[in-house]
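[1] Just the structure for this:
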Amino acid sequence: MFNGIRTIMFFASDPEESAGWGGNVLDAEVKLDINGTSVYAWLDINGVEFGFHPLDEKKNPRGGSPVPYWSVDDVDIVRERLLAAGCTHHRGPLDVGDGTGRKIAQLKDPFDNIIGIDGP
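    This is a model prediction of the structure:
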């Protein structure tokens, strides 16, 4: 059901600039998804996506911890399992919009840690 870490999400006031710095340090190509005025930037490091998401002071404040996203077989089933285990809803599920049916969601565990899940 849980297949390993797929994405680690960082929240940045300027995702493109943050990804550019990381890309320079890690010698990796910066990839961009521009949606209106919002930019999501990421690096692919050996199959793990290092994502830089626009900062959201309400849901994911500046200085908050990175959010690891577990690759899962079915976001809806895993989300329900985590909710039944005591997690609470945080964000999503959201369609990633890449045409593959990929979705992401975030849940808060009983200790206030954010857990991301990523899959179909």
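
[2] going forward, measure contacts and count neighbours with C-alpha atoms only.
    Fine.

[3] Check the gap between the closest residue to residue 28 other than its chain neighbours and residue 32 for me.
    Using C-alpha to C-alpha, 6 or more residues apart in numbering and skipping the chain neighbours, the partner closest in space to residue 28 is residue 43 (6.3 Å). Distance, residue 43 to residue 32, by C-alpha to C-alpha, to the nearest Å: 9 Å.

[4] Which residue of these two possesses the greater neighbour count?
    The neighbour count for residue 43 versus residue 32, taken as other C-alpha atoms under 10 Å, is higher for residue 43 (23 against 16).

[5] Contacts only, for the more buried one.
    Taking C-alpha atoms under 8 Å, 6 or more residues apart in numbering, we find residue 43 in contact with 19, 22, 23, 28, 29, 30, 31, 49, 50, 51.

[6] Now which of these would you call buried?
    Buried members of the contacts of residue 43, scored by 16 or more other C-alpha atoms under 10 Å, are 19, 22, 23, 28, 30, 31, 49, 50, 51.

[7] Could you pull out the helices in the protein for me?
    Along the chain, counting by DSSP state H, helices occupy 15-26, 75-84.

[8] For the first one, the averaged confidence score.
    This means helix 15-26. For helix 15-26, mean pLDDT rounds to 86.

[9] ok, residues contacting it?
    12, 28-30, 32, 39-43, 51-54.

[10] What about those residues, which are in strands?
    Under the assignment DSSP state E, these contribute 12, 32, 39, 40, 41, 42, 43, 51, 52, 53, 54 to strands.

[11] what's the spacing between the fifth one and residue 21?
    If I follow you right, that is residue 41. According to C-alpha to C-alpha, residue 41 and residue 21 sit 11 Å apart.
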